[in-house]
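Chemist: here you go, sequence then predicted model.
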Amino acid sequence: MDESAEAIVKMEKRLRYISGMIKQNGRRILNNYPITSPQFVALQWLLEEGDLTIGELSNKISLAFSTTTDLVDRMERNELVERVRDLKDRRVVRIHLLEKGKVIIHEVIGKRQAFLGEVLENFSEEDMKNLTRLLDLLYNQMKTVSEK
């Protein structure tokens with residue numbers, strides 16, 4: 001195996017481990033809140049994108065339409081979201097993030113960011129800038145390649 005292939009193997013493994021650690025910490029944080037991991041992901045999309053239809057939301061969170069409907073039903077019962085009719089087309093129903101859902105998302109994201117801040121505590125400012133630049137580059141390349 002040549003050097004570049006070895007580097008790819010090492011990077012993939014490291015990224016997998018980092019992803020796993022982030023998920024594990026995220027689950028630990030969510031244990032203190034009345035939402036599940038899939039609900040967190042859905043609420044995050046609603047916060048970032050605004051009101052979405054069930055179809056749009058199911059595409060964003062990569063779940064079946066029926067599963068997303070059940071997820072929204074539970075979130076609506078917990079007063080995290082509400083279904084609202086589209087003002088331009090009354091046949092369209094959108095999922096709207098309620099204040100309780102926003103508060104939970106902001107708190108959870110804040111705790112996740114605090115965890116990352118703690119992890120990066122001993123990084124120099126230059127290392128932080130380089131890491132951010134490289135992560136942006138990696139993310140943009142992944143988007144480009146996956147859209148092909």
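Modeler: That came through fine. Numbers count the residues shown, from 1 in each chain.
Chemist: make it CA atoms for all contacts and neighbour counts henceforth
Modeler: Fine.
Chemist: how about residue 52, phi and psi?
Modeler: Residue 52 adopts backbone torsions of phi -130, psi 150, taken as degrees, to the nearest 10.
Chemist: I'd guessed it sits against residue 97; true?
Modeler: No: the criterion here is C-alpha atoms under 8 Å, and residue 52 misses it with residue 97 at 9.5 Å.
Chemist: now for those two: what residues contact both?
Modeler: Residues touching both residue 52 and residue 97 (C-alpha atoms under 8 Å, 6 or more residues apart in numbering) are residue 46.
Chemist: so which of the two has more stuff around it?
Modeler: residue 97 (24 against 21; other C-alpha atoms under 10 Å).
Chemist: my guess is the more buried one contacts residue 47. True?
Modeler: Yes: between residue 97 and residue 47 a contact is recorded at 6.9 Å, counting by C-alpha under 8 Å.
Chemist: residue 95 in helix, strand or coil?
Modeler: Three-state call for residue 95 (DSSP: H, G, I helix; E, B strand; the rest coil): strand.
Chemist: quick check, it in contact with residue 52.
Modeler: Yes: using C-alpha under 8 Å, residue 95 is in contact with residue 52, at 5.4 Å.
Chemist: between the two, which contacts overlap?
Modeler: Residues touching both residue 95 and residue 52 by C-alpha under 8 Å, 6+ apart: residue 46.
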